[in-house]
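Trainee: build me a model from this:
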Amino acid sequence: LVDSGLVGAVIDVSTTEICDLLLGGFLPATEDRFGAIIRTRIPYVGSVGALDMVNFFAPETVPERYRGRQLYPHNPQITLMRTTVEENARIGRWIGEHLNQMEGPVRFLIPELGVSALDAPGQAFHDPAADAALFHALEQTVRTGPSRQLIRLPLHINDPAFASALVQQFRTLHAGRRRERAGGGRS
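Mentor: Have a look, this model is predicted:
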């Protein structure tokens, strides 16, 4: 849809299928996960939604190499596996390398207090060290500047204020893009 030119900007909150791509889950993205944004250069507002989990079918489908890991039965057909510090660093680098290829305006928001409902204090996947590894890898990898920014917020991804921040960034970038198209870059 983005490649068709019908979409003028994107909010991409949940990037979880990257975990499945890199770690062998059953709902993987392709290597072209951010390709349409890179090709079209449209404004992109993204985040780290559900990068704390890899998706598998029923528990018996979890690969042997992961059998000793922290698993969560989402329902009888879906089993989730918590990502580790090392895996989150790898995921952060992968995303960062792709954000660096985006030539349009980018705002990537980082919710410091958790990346999913399961990654909140007292919940099964709450792991501040794994989240910190993800955030650190993004900060070390992404080449920030006026058009490409990482924005850390002391919020959980499911906080209404985090959703408001995403929308505000989207509106700002999309309005700027519309002004550019209407006036050749003049306000």
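
Trainee: where along the protein do the helices fall?
Mentor: With DSSP state H as the criterion, the chain has helices at 17-23, 35-40, 85-99, 128-141, 160-183.

Trainee: could those helices go into CSV alongside distance to Pro111?
Mentor: Bear in mind the C-beta positions are built from the backbone N, C-alpha and C, glycine included. As requested, the helices of the chain are arranged in CSV below (distance: least, C-beta to C-beta, whole Å):
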stretch, distance to Pro111
helix 17-23, 16
helix 35-40, 20
helix 85-99, 14
helix 128-141, 9
helix 160-183, 5
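
Trainee: out of these, which comes closest to Pro121?
Mentor: helix 128-141 (9.1 Å; C-beta to C-beta).

Trainee: for the record, mean pLDDT for the closest one?
Mentor: What helix 128-141 shows for mean pLDDT is 99.

Trainee: now do stretch 56-67
Mentor: Mean predicted confidence for stretch 56-67 is 96.

Trainee: what's the nearest residue to the residue nearest the centre of the chain if we skip its chain neighbours?
Mentor: Nearest to the mean C-alpha position of the chain, by C-alpha atoms, centre = their mean, lies Val48 at 3.0 Å. Closest residue in space to Val48, ignoring its immediate chain neighbours: Val115 at 4.9 Å, by C-beta to C-beta, 6 or more residues apart in numbering.

Trainee: equivalent analysis for Asp12, please.
Mentor: Ranked by C-beta to C-beta, 6+ apart and with sequence neighbours excluded, the top spatial neighbour of Asp12 is Gly46, at 4.3 Å.

Trainee: wait, doesn't that neighbour sit right on Ala9?
Mentor: No - look at Gly46 against Ala9 with C-beta atoms under 8 Å: they stay out of range, at 11.4 Å.

Trainee: Glu103 and Ala129, how far apart?
Mentor: Distance from Glu103 to Ala129, counting by C-beta to C-beta, to the nearest Å: 34 Å.

Trainee: Asn88 too?
Mentor: Here the criterion is C-beta to C-beta. By it, Asn88 lies 9 Å from Ala129.

Trainee: who has more neighbours, those two?
Mentor: Asn88 (27 against 9; other C-beta atoms under 10 Å).

Trainee: before we move on, the earlier item: which among the helices of the chain is found nearest to Asp52?
Mentor: Here helix 128-141 is closest among the helices of the chain (C-beta to C-beta), at 6.8 Å.

Trainee: mind listing what's buried in the closest one?
Mentor: 130-131, 133-135, 137-138, 141 (16 or more other C-beta atoms under 10 Å).

Trainee: contacts for it, please.
Mentor: Outside of helix 128-141, the residues that reach it under the criterion C-beta atoms under 8 Å, 6 or more residues apart in numbering are 48, 51-52, 82-93, 95-97, 99-100, 108, 110, 112, 114-115, 119, 150, 152.

Trainee: quick one: Leu113 and Ala161 touch, right?
Mentor: No - using C-beta under 8 Å, Leu113 makes no contact with Ala161, being 10.8 Å away.
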